[in-house]
Structures are given as C-alpha cells and as structure tokens.
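[1] heads up, no residue letters with this:
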C-alpha cells in the first residue's frame, strides 16, 4: 500500500511567493532488501560514504523529521539540508536552504521491486519565484537544474548503490567529474 505524502508544502510555497519547476530525477536498482537500504541512508553523516561529490557533512540534528545537516562539496559549494518529511522505511524529503529562501525539495525514495531488489530514486524539484518572468524561470532552471544537475543525480544514485552493494566508501568523482560540485 502506498504511503500517503503530505502535499501541503506546495500550497505553502505559493504563500511564500514560490512555485515548483520541472523536476529532475535519477533511479537505480539496488539488490538489497528495503529495510537494509533504509538503515544505511538514515545513519548520521552517511553522505561521506556514498556521495562522490561530498567533501564534508556536518550533522546538526538527527534523526527524523526536523533533522538538519550541512553538506560541503569538493567545489566549495555548501547547502543546508532540512528534513521536512520522514517516511519511515520509505524515504524522506529535504529542503535545501532555510525558510523563506529554500531553493528546492529533494525526495529520496526506496521502492521494493521484489524481495531482494529495490528501486532507489532521488528527485529534485526546483523552487521558482512567482514574480519572475517565464523567460527568467527557464534561464534559472537551465543554469542550475539542467544537464549538470542530472549528471550529479546519476552519480549520487550510483554512489548509493555501490556503497550498499560493496560496503566500500565512494571516492571523489568516482562516476565522473561535475563542473558544479567537483574540485
């Protein structure tokens, strides 16, 4: 039975002068049972083990809804991650940036396919300012939520799969260089 997700956040965005843009996502099959994947991706600081662009992760509050950490990429970029939904055993939603200056919602999901295989998906939904012209919104999405972000997502899901399958820490740029997040 599917988990009911809180969609109230979309209405809240509008009251803050924001709307959602076109989402990007990456999906990979992981040969492991759902609860093991969940256990691994809910450990504090887990990104250092599975993320090919993560230089550092600072955990400020953990676990559950209300968790907060800060990721620093090899490029020097930093994002505060606020966990706004925590769906036990299934995934979580993260907002990047602090209210009212959030830039996107990121959904991590585990979906069982069979007893020992799950789909693992990361979806990024950009937040756009309502008062921008359609052209400015397209430019913003193209620049920050285009091919470089798609490559980033593809690399991150590969990193999670590799780490869960092998138990080995993912190396910097293991699945390719990214101009926004690599050193």
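    Yep, that arrived. In this text the structure is predicted, and so the values were computed from the model without any measurement.
[2] Every contact and neighbour count from this point should use C-alpha atoms.
    OK.
[3] and the lowest-mean-pLDDT helix or strand in the chain, what other elements does it pack with?
    With mean pLDDT, DSSP states H and E as the measure, the helix or strand of the chain carrying the lowest mean pLDDT is helix 8-15 (a mean of 86). Identification of packing neighbours for helix 8-15 by 3 or more CA pairs under 8 Å, 6 or more residues apart in numbering; DSSP states H and E yields strand 18-20.
[4] Residue 55 against residue 48, yeah?
    Yes: between residue 55 and residue 48 there is a contact at 7.2 Å, judged by CA atoms under 8 Å.
[5] who's in contact with stretch 170-177?
    Taking contacts as CA atoms under 8 Å, 6 or more residues apart in numbering, the residues outside stretch 170-177 that touch it are 49-54, 155, 158-159, 162-163, 182.
[6] which residue is nearest the centroid of the chain?
    Ranked by distance to the mean C-alpha position of the chain (CA atoms, centre = their mean), the top residue is residue 106 at 4.2 Å.
[7] Could you list every helix and strand in contact with the helix or strand hosting it?
    Assigned by DSSP states H and E, residue 106 belongs to strand 104-114. The contact analysis (3+ CA pairs under 8 Å, 6+ apart) places strand 104-114 against helix 34-40, strand 91-96, strand 117-129.
[8] out of those, nearest to residue 139?
    Shortest distance between residue 139 and those, using CA to CA, is found for strand 117-129: 11.0 Å.
[9] Which strands border the closest one, and is each parallel or antiparallel?
    Paired strands of strand 117-129, with direction, are strand 18-20 (antiparallel), strand 24-30 (antiparallel), strand 104-114 (antiparallel) (DSSP bridges).
[10] Any chance of the ones you listed in a markdown table with distance to residue 93 and mean pLDDT as columns?
    As requested, the strands paired with strand 117-129 are exported to a markdown table (distance: least, CA to CA, whole Å; pLDDT from 0 to 100):
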| stretch | distance to residue 93 | mean pLDDT |
| --- | --- | --- |
| strand 18-20 | 14 | 95 |
| strand 24-30 | 13 | 98 |
| strand 104-114 | 5 | 97 |
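[11] now these as a markdown table including distance to residue 167?
    Converted to a markdown table, the strands paired with strand 117-129 look like this (distance: least, CA to CA, whole Å):
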| stretch | distance to residue 167 |
| --- | --- |
| strand 18-20 | 36 |
| strand 24-30 | 13 |
| strand 104-114 | 18 |
